[in-house]
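1. Here you go, sequence then predicted model.
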Amino acid sequence: MSDSSQKIVTPSAESLASAATKVAKSKGPAPVHLWNPPFCGDLDMRIARDGTWFYLGTPIGRKPLVKLFSSIIRKDGDDYFLVTPVEKVGITVEDAPFLAVDFDARDQCVTFTTNVGEEIVAGPENPIRVTLDPETGEPSPYVLVRTNLEALIDRKSFYRLVDQGEPFTVDGVEWFGVWSSGQFFPFIKISALL
């Protein structure tokens, strides 16, 4: 005999938005790292490399909705999920869940602004890292936003950041990079530029 008091909820953008709205009323970021709801399946939601969010193949045009969803994203291993206290659904992320679209550099502190309006000061807690495509050598720069979640630094911002760079020797190797919050973030070995 089945228990008819248990309601099975099919995950949807609407149910997630409703739950996230309730959570957003509390102060500070959602404590998604503390929640352990059951996995409810995958949702046809995707974050493109350029930071655009898609639902059922259509771009989500409402910025407040994107900001709301971005507040409940979590990465477990290599997989991304939207998590509320009662549901956990898988989504697709092409590169990084956030895009750093601008930055301000003052007093050797680099403060990035993401596509959802978050501000992140690069430093020991929020490091910058750069990977190079093994075939093309093209850089992909990132800054850590919060636990396991990075922002891809957009091209225009990265070129501006490179303009602020300088050489520095780390463990006997000369690197080109930037300083922020008292830490040097290397971009590329000087020898690779010669």
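-> Yep, that arrived.
2. Gly90 contacts Arg46, doesn't it?
-> No. Under the criterion of C-beta atoms under 8 Å, Gly90 is not in contact with Arg46, lying 10.9 Å apart. Bear in mind the C-beta positions are built from the backbone N, C-alpha and C, glycine included.
3. Contact partners for Phe185?
-> Ala122, Pro127, Ile128, Arg129, Gly177, Val178, Trp179 (C-beta atoms under 8 Å, 6 or more residues apart in numbering).
4. Give me the distance between the last one and Phe168.
-> Shown here: Trp179 relative to Phe168, a distance of 8 Å by C-beta to C-beta, to the nearest Å.
5. Kindly confirm my reading that Tyr159 is in a strand.
-> No. With DSSP: H, G, I helix; E, B strand; the rest coil as the criterion, Tyr159 is assigned helix and is not in a strand.
6. separation between it and Ile47?
-> The gap separating Tyr159 from Ile47 is 23 Å, by C-beta to C-beta.
7. The two: which has the busier surroundings?
-> In this view Tyr159 and Ile47 are compared by other C-beta atoms under 10 Å, and Ile47 has more residues nearby, 25 against 10.
8. can you tell me which residues contact the more buried one?
-> Going by C-beta under 8 Å, 6+ apart, Ile47 touches Trp53, Phe54, Tyr80, Ile91, Thr92, Val93, Glu94, Pro97.
9. How about the backbone phi and psi for the last one?
-> Reported as degrees, to the nearest 10, the phi and psi values for Pro97 are phi -70, psi -10.
10. ok, which stretches of this protein are helices?
-> Ranges of helices within the chain are 13-24, 63-70, 155-163, 190-193, based on DSSP state H.
11. rank those by pLDDT, which is bottom?
-> Per-segment mean pLDDT for these reaches its minimum on helix 13-24, at a mean of 64.
12. Quick one: neighbours of the residue nearest to Glu118 when sequence neighbours are not counted, just the number.
-> Distance criterion C-beta to C-beta, 6 or more residues apart in numbering; nearest residue to Glu118, sequence neighbours excluded, is Val145 at 6.4 Å. By other C-beta under 10 Å, the residues close to Val145 number 22.
13. circling back to that earlier point, ok, so of the contacts of Ile47, who is nearest Arg62?
-> Relative to Arg62, the closest of the contacts of Ile47 is Trp53; by C-beta to C-beta it sits at 9.7 Å.
14. Bridge partners for that closest one, pull those for me.
-> Ile47 (DSSP bridges).
15. Low-confidence stretches in the protein?
-> Scanning the chain for pLDDT under 70 picks out 1-13, 15-28, 194.
16. What residues does the residue nearest to Glu118 make contact with?
-> Contacts for Val145 were tallied using C-beta under 8 Å, 6+ apart; they are Pro97, Phe98, Thr114, Glu118, Ile120, Asn126, Ala151.
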